[in-house]
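Novice: here you go, sequence then predicted model.
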Amino acid sequence: MTLGSIISVCNRAIQAPDVHANNFRAHCLDAHNIHPLNQFARRKGVVTIMVIWAIAIASIIVAATQILAFREATIGRECLSRVQARWAARAGVETMIAIMEWHNANPDPDDALALTRDLEGNAFGEVETGTWDIRHFIDGQEWAGPMDENSKLNINVVTRMQLLELPNISQDIVDSINDWRDADEEPQQMGAEADYYRNRSLGYEPRNGNFHSIAELELVAGAWPQYVRGEDWNLNGRLDPNEDDGKRTTPDDNANGKLDAGWSQYLTASTRSITKSVSGQERLDLRKANSEEIISRTGVDSTQAAAILTYAKVGNARMANILSVPLSQLSGSRNPSATGAASANRTGRSSAGRTPTPTTTAATVKNLDNKQLGLVLNECTLENTRTAQVNIGKVNLNTASRTLLRDILQLDTRYADSILSRRISKQSGLLSLADIVDLPGATQEQLQILGQVADVASSVYMISSRGRANTSGAEAEIVVLVDRSESPVRILEYREP
């Protein structure tokens, strides 16, 4: 083949490519030039995915906002419920105070339990948004109403022998308590003064004065909280769920449905002396009174009034001696303590309340009958305002527990039970200490004990008011100490456990 023929064949091949070449060329063109419809479909898919993601994110944001709003609303409702419960509890407190104020303004000398009944009758109540519940435990039994602090013995006047009758106490603790109260820096036999506390870097020293609260007792060497509080861990005088569940939560308790409040069920530091009589008047100071005032207030005759005034001038004159020693003997003795010792096993009164005929030089002085004696004890006073113990309240025999009377005050069991039986049998309660002088076991020694530490009225109450909201059942508690010895009633302590 010549060169010319070869060139001719090549030109034809170039000018007329085969089918496969054309197909390949078309495929390449399609790969580089996408059809407009297919391009729109791809864009639509991307947009759909983006919308789905946007919806998901928006849903998450909305859900989170709803959760947050629900949480805030729940918190708001809980806060509102707590406020409602708190003010319901406060309404209970104010109700108790109002009742005390009314009885201060309208005293009833013929009914020693009138105030107690009114407080119990209003221990449960309601307001528009909630209810209140006021109760307390004493001597293993639950009672409606506030706790009468005068049902306890004031720790600032309790004696060594009385302290030794407390459960779980030892002589070293008793000595340390006395060292805390006394004014000197000399430790008692097994006691503790300032050096003891300084050497242990406790950060405090003995007060060398009266206790201000029962919780202060826990600062004394050896007086551990479990002794002072027992099961009543928050010192509110009532049985809380955590105080009746065994050892599951603090404190350890016996889960028997009763409150064992340790020493705090027998002792208090809050009681105040009552300056007004049961009739609402200021007590008559026998050291400054005259015969006419005594006769007017107590119903005694002029001879008896003169005998009382004569005794009041004795340096160590005490109302306890007027209770325990017949007036005929009291007026004829310059030493009432000796008179009491000489007749420590008798009161000078028969079991029926009658008085024997005096045979002493003071035979012209008639002994006080029970009514006169009651008025003298209720309307008059011999307290020395210069002593440090003048403002210490006494035990109310109308509310004191059997354990306190029998074990702590060390009264004869028969006499303690007689006192309890007498106050239960009288709807009006014990109107004066004269109501206990003719009871079985009422020796002069026993009357001396009660004459020094006992009375038939109360000044300080602990109100443990628990409020409950109607909407959610939320609860709030307010615990206050109130003093009704003066008017208006004063709040001594306020806390919300």
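Specialist: Now that the structure is in, tell me what you want to look at.
Novice: going forward, measure contacts between C-alpha atoms and count neighbours the same way
Specialist: OK.
Novice: strands of the stretch 251-400 of the chain, start to end?
Specialist: When assigned using DSSP state E, counting those that start in this stretch, the strands of the stretch 251-400 of the chain occupy the ranges 267-268, 284-285, 380-381, 395-396.
Novice: what is the third one packed up against?
Specialist: Based on contacts counted as 3 or more CA pairs under 8 Å, 6 or more residues apart in numbering; DSSP states H and E, the elements that strand 380-381 packs against are strand 284-285.
Novice: what mean pLDDT does the strand it packs on have?
Specialist: The pLDDT scores in strand 284-285 average 94.
Novice: run through who's touching that strand.
Specialist: Residues outside strand 284-285 that contact it (CA atoms under 8 Å, 6 or more residues apart in numbering) are Ile294, Glu379, Cys380, Thr381, Leu382, Glu383.
Novice: partner strands of that strand, parallel or antiparallel?
Specialist: Strand pairing for strand 284-285, using DSSP bridges, gives strand 380-381 (parallel).
Novice: quick one: average confidence on the strand it pairs with?
Specialist: Mean pLDDT, strand 380-381: 94.
Novice: same check, this time on stretch 151-158
Specialist: 96.
Novice: also stretch 415-422?
Specialist: Mean pLDDT, stretch 415-422: 96.
Novice: do stretch 131-139 as well
Specialist: 95.
Novice: quick check: buried residues in it?
Specialist: Thr131, Trp132, Asp133, Ile134, Arg135, His136, Phe137, Ile138, Asp139 (16 or more other CA atoms under 10 Å).
Novice: near Val460, how many other residues are there?
Specialist: Neighbour count for Val460, taken as other CA atoms under 10 Å: 27.
Novice: spit out the contact partners of the closest residue to Gly441 other than its chain neighbours.
Specialist: Nearest residue to Gly441, sequence neighbours excluded (CA to CA, 6 or more residues apart in numbering): Tyr415, at 4.7 Å. Tyr415 makes contact with Leu439, Pro440, Gly441, Ala442, according to CA under 8 Å, 6+ apart.
Novice: what about 10 Å?
Specialist: Counting by CA atoms under 10 Å, 6 or more residues apart in numbering, Tyr415 touches Leu405, Arg406, Ser421, Ile436, Leu439, Pro440, Gly441, Ala442, Thr443, Gln446.
Novice: quick one: the fifth one and Thr399, what's the gap?
Specialist: Between Leu439 and Thr399 the computed distance is 18 Å (CA to CA, to the nearest Å).
Novice: one more: the fourth one?
Specialist: If you measure Ile436 against Thr399 using CA to CA, the figure is 15 Å.
Novice: returning to what we had before: could I get the strands of the stretch 251-400 of the chain as TSV with mean neighbour count?
Specialist: Below are the strands of the stretch 251-400 of the chain laid out as TSV (neighbours: other CA atoms under 10 Å):
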stretch	mean neighbour count
strand 267-268	24
strand 284-285	18
strand 380-381	22
strand 395-396	24
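Novice: can you pull the phi/psi pair for Glu126?
Specialist: Dihedral pair for Glu126: phi -150, psi 150, per degrees, to the nearest 10.
Novice: likewise Ile463?
Specialist: Main-chain torsions, Ile463, degrees, to the nearest 10: phi -100, psi 110.
Novice: what is the neighbour count of it?
Specialist: As a burial measure, Ile463 scores 27 neighbours (other CA under 10 Å).
Novice: so who does the residue lying closest to it once chain neighbours are set aside touch?
Specialist: Closest residue to Ile463 apart from its sequence neighbours, by CA to CA, 6+ apart: Pro146 at 4.5 Å. Neighbouring residues of Pro146 by CA under 10 Å, 6+ apart: 93, 96, 116, 119-120, 123, 134-137, 237-238, 460-465, 479-481.
Novice: identify the farthest-apart pair in the contacts of strand 284-285.
Specialist: Ile294 and Glu383 (16.3 Å; CA to CA).
Novice: so where's this structure uncertain?
Specialist: 1-44, 332-363, 384-390 (pLDDT under 70).
Novice: need the longest helix for it.
Specialist: Longest helix in the chain by number of residues (criterion: DSSP state H): helix 36-105.
Novice: relative to the whole chain's centre, how far out is that helix?
Specialist: Relative to its parent chain, helix 36-105 has a centroid offset of 37 Å by CA atoms, centre = their mean, to the nearest Å.
Novice: next structured bit after it?
Specialist: Later in the chain than helix 36-105, the nearest helix or strand by DSSP states H and E is helix 114-121.
Novice: and that following helix, how far out from the chain's middle?
Specialist: 18 Å.
Novice: for stretch 295-306, same thing?
Specialist: 42 Å.
Novice: with just CA atoms, put that stretch into PDB.
Specialist: The C-alpha trace of stretch 295-306 is given here as PDB (Å, rounded to 0.1, in the frame of the first residue of the first chain):
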ATOM      1  CA  ILE A 295     -57.400  42.600 156.100                       C
ATOM      2  CA  SER A 296     -58.900  43.900 152.800                       C
ATOM      3  CA  ARG A 297     -57.000  41.500 150.600                       C
ATOM      4  CA  THR A 298     -57.100  38.300 152.600                       C
ATOM      5  CA  GLY A 299     -60.100  38.500 154.900                       C
ATOM      6  CA  VAL A 300     -58.100  37.900 158.100                       C
ATOM      7  CA  ASP A 301     -59.000  39.600 161.400                       C
ATOM      8  CA  SER A 302     -56.900  42.400 162.900                       C
ATOM      9  CA  THR A 303     -55.100  40.000 165.300                       C
ATOM     10  CA  GLN A 304     -54.200  37.700 162.500                       C
ATOM     11  CA  ALA A 305     -53.000  40.600 160.400                       C
ATOM     12  CA  ALA A 306     -50.900  41.900 163.200                       C
END
